[in-house]
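Trainee: using only what follows, build the 3D model:
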Amino acid sequence: MAHPASSESVVLHLGLGSFHRAHQAVYLQALIDAGDTRWSLAGANLRTDMAEVESALIRQGGRYTLETVSPAGEYRYQRIESIREVLPFDPTLAAVITRGADPRTRVISFTVTEAGYYLDPTDRLDFGAADLAADLDRARRGEAGTTIYGAVCAILRARRTANGGAVTLLNCDNLRHNGERFRKGLLAFIEKTGDRRLLEWVCTQTTCPNAMVDRITPRPPPELRQRVLQATGWDDAAPVTGESFIQWVIEDDFANGRPDWGRVGVQLVESVAPYEEAKIRILNATHSCIAWAGTLAGFQYIHEGTHDAQIRRMAFDYVTDDVIPCLHSPDRPSPVDLPAYRDVVLERFGNPAIRDTNQRVAMDGFSKIPGFIAPTVRERLSRNESIGSVAMLPALFLAFLQRWHQGVLPYVYQDQGMDEAAAHAICGSADPVAALAANRTLWGDTANDARLIEALQKAFERVQDFIKGRTS
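Mentor: This next block holds a predicted model:
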């Protein structure tokens, strides 16, 4: 397939999943379409679970089709050609390391799930995690690993040796304060390897700007390939689908240049924090609320739950009663119009053409509660304010988890952050609500707070009434 031209600068992206191909690659395509061809993408995976997509992209020279659907049901199809190089998976990551060490590679970006950062409730790396411990052993032997730290450490070691120059490490995911937290984890990982020279080089030759990304991108359904064929005449083996809405906010802190993203709608800001908080607490947490409630109500898709009056009210009240007062006040106004954002989010979730599944959105609750939901609980309690509306979300998750515990969920539940034994113990205890409230992975220092327990008990009773109303 095509390779970057000698004059091109490269963004190396780790994680060739649907989101990257419906988001970052699309922004770069827009820049290329506007006549700026100075940058291209190289893409790679760190694991073996996307072999089919990877081989399809290699056959297609990195090209694929993006289908977007508006809430009004308008479909558009676009050929994306910004990924000029697809690096086949290899456990040694040899090609990825070579590409990352090349001076033309000026940005290394990545899309990782919350659990993929291996951070404990105090934001320290959990070296007790088997994957991370194995990668630390590999790094000490000079080998690449499968975690983001093990991979990036190997790339940066080679880059320093090759005098590849400064590089930006750019998170493209939902982790709050993602750049800061990744950098802290990376430096801790490198320090643990004992490579002091590499640690000093990374401290001076890399930046890790915080960023916020947004576009609902469901797993490509089996019928997508046929829709693309009918609409475009191209039998595309690696198409992606997503909503028409798209947003990217990045702190403008790059070590060695960047694409002119501002020209194509990327918001380059001094601080991403207010945008990030609005997105994580309003969009991400509401998404999980609707997925858990929708599953309990017997729905398969997110849009079905969004159009259900009771579920929509839970989501609306959560944002209105508890989140907006945390994010906006007269002395600390938000740059985001939060009520309008809430309404746009619910409109987006109600898009029936997206057909995003509850299964996809419901996953990773043990990472999402501490990241998306617990901060609102903590802030409200610190001001002695009610948490009645936000408590509905963990209460829904507990009812959802109980179905998992009983083996009666209608789908396989995936949760990288979950200790299965601890989750079964919560569900099997004499008082599951108190057991959930005592879990420090979920709540940190707020665990066992009497006000949390009381609010969860009341919310769990409401959830039980909600479930009974669906089965009576």
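
Trainee: need the nearest residue in space to P218, chain neighbours excluded.
Mentor: Closest residue to P218 apart from its sequence neighbours, by Cβ to Cβ, 6 or more residues apart in numbering: D356 at 4.0 Å. C-beta coordinates here come from the backbone N, C-alpha and C atoms, glycine included.

Trainee: oh, that last question was meant for R76, not what I typed.
Mentor: Closest residue to R76 apart from its sequence neighbours, by Cβ to Cβ, 6+ apart: T68 at 5.0 Å.

Trainee: can I take it that the one you found is in a strand?
Mentor: Yes - T68: assigned to a strand according to DSSP: H, G, I helix; E, B strand; the rest coil.

Trainee: surely L187 touches T204?
Mentor: No - L187 lies out of contact with T204 (Cβ atoms under 8 Å); the separation is 11.9 Å.

Trainee: higher neighbour count, the two?
Mentor: L187 (17 against 8; other Cβ atoms under 10 Å).

Trainee: and that one, which helix or strand is it part of?
Mentor: Element membership of L187 [criterion: DSSP states H and E] is helix 178-193.

Trainee: thinking again about what came up before, state the distance from the residue nearest to P218 to V213.
Mentor: 16 Å (Cβ to Cβ, to the nearest Å).

Trainee: now swap in P352 and tell me
Mentor: Taking Cβ to Cβ, one finds P352 at 24 Å from V213.

Trainee: again, but for V11
Mentor: 14 Å.

Trainee: of P352 and V213, who's got more company?
Mentor: V213 (21 against 14).

Trainee: tell me which element the more buried one falls in.
Mentor: Going by DSSP H and E, V213 is in strand 211-214.

Trainee: mind giving me the packing neighbours of that strand?
Mentor: Contacts defined by 3 or more Cβ pairs under 8 Å, 6 or more residues apart in numbering; DSSP states H and E place strand 211-214 against strand 247-251.

Trainee: and the strand it packs on with helix 178-193, angle?
Mentor: 60 degrees (axes from the mean of the first three to the mean of the last three Cα atoms, to 10 degrees).

Trainee: any idea how far strand 247-251 is from the chain center?
Mentor: On the basis of Cα atoms, centre = their mean, to the nearest Å, strand 247-251 sits 14 Å off its chain's mean C-alpha point.

Trainee: stretch 72-81 too?
Mentor: 23 Å.

Trainee: in that stretch, what's buried?
Mentor: Buried residues in stretch 72-81, defined by neighbour count with 16 or more other Cβ atoms under 10 Å: Y77, I80, E81.

Trainee: helix, strand or coil for the first one?
Mentor: Assigned state for Y77: strand (three-state reduction, three-state DSSP).

Trainee: show me the contacts for it.
Mentor: T65, L66, E67, V228, A231, T232 (Cβ atoms under 8 Å, 6 or more residues apart in numbering).

Trainee: buried subset of those?
Mentor: Of the contacts of Y77, these count as buried by 16+ other Cβ under 10 Å: T65, L66, E67, V228.

Trainee: secondary structure class for the first one?
Mentor: Here T65 is strand, with the state taken from three-state DSSP.

Trainee: mind listing what it touches?
Mentor: Here T65 is in contact with Y77, Q78, R79, I80, V228, T232, W234, D236, P239, V240 (criterion: Cβ under 8 Å, 6+ apart).

Trainee: that one pairs with what?
Mentor: R79 (DSSP bridges).

Trainee: re the thing from before, in this structure the residue nearest to R76 contacts Y75, no?
Mentor: Yes - assessed by Cβ under 8 Å, T68 is found in contact with Y75 at 7.4 Å.

Trainee: buried sites along stretch 203-223?
Mentor: 205-218, 220.

Trainee: that should have said stretch 119-127, apologies.
Mentor: L119, L125.

Trainee: put the alpha carbons of it into PDB.
Mentor: Provided in PDB are the C-alpha atoms of stretch 119-127 (Å, rounded to 0.1, in the frame of the first residue of the first chain):
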ATOM      1  CA  LEU A 119      -5.000   3.400  37.000                       C
ATOM      2  CA  ASP A 120      -6.100   2.800  40.600                       C
ATOM      3  CA  PRO A 121      -8.500   5.200  42.400                       C
ATOM      4  CA  THR A 122      -5.500   7.400  43.300                       C
ATOM      5  CA  ASP A 123      -4.300   7.600  39.700                       C
ATOM      6  CA  ARG A 124      -1.300   5.400  40.300                       C
ATOM      7  CA  LEU A 125      -0.400   2.600  37.900                       C
ATOM      8  CA  ASP A 126      -1.700  -0.700  39.100                       C
ATOM      9  CA  PHE A 127       1.400  -2.900  38.700                       C
END
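
Trainee: quick one: mean pLDDT over the top helix by length along the chain.
Mentor: In the chain, assigned by DSSP state H, the helix with the most residues is helix 450-471. Averaging pLDDT along helix 450-471 gives 96.

Trainee: can you offset everything so residue one is 244?
Mentor: Understood, numbering begins at 244; the last thing we discussed is helix 693-714.

Trainee: so what does it touch, helix or strand wise?
Mentor: Counting contacts by 3+ Cβ pairs under 8 Å, 6+ apart, helix 693-714 packs against helix 528-539, helix 617-625, helix 635-649, helix 675-680.

Trainee: can you tell me which of those helices is nearest to A394?
Mentor: For the helices and strands packed on helix 693-714, the distance to A394 is smallest for helix 528-539, at 28.0 Å, taking Cβ to Cβ.

Trainee: tell me the angle that closest one makes with helix 635-649.
Mentor: Going by the same axes, to 10 degrees, helix 528-539 makes 40 degrees with helix 635-649.

Trainee: how near is V483 to E628?
Mentor: 42 Å.

Trainee: and those two? Which one has more around it.
Mentor: For V483 and E628, the more surrounded residue by other Cβ under 10 Å is V483, and the numbers stand at 27 against 13.

Trainee: who does the more buried one bridge with?
Mentor: L309.

Trainee: what about the protein, any weak spots by pLDDT?
Mentor: 244-249, 715 (pLDDT under 70).

Trainee: how about the strands in it?
Mentor: All strands of the chain, identified by DSSP state E, fall at 252-257, 282-287, 307-312, 318-323, 326-330, 348-353, 410-414, 449-450, 454-457, 483-486, 490-494, 510-512.
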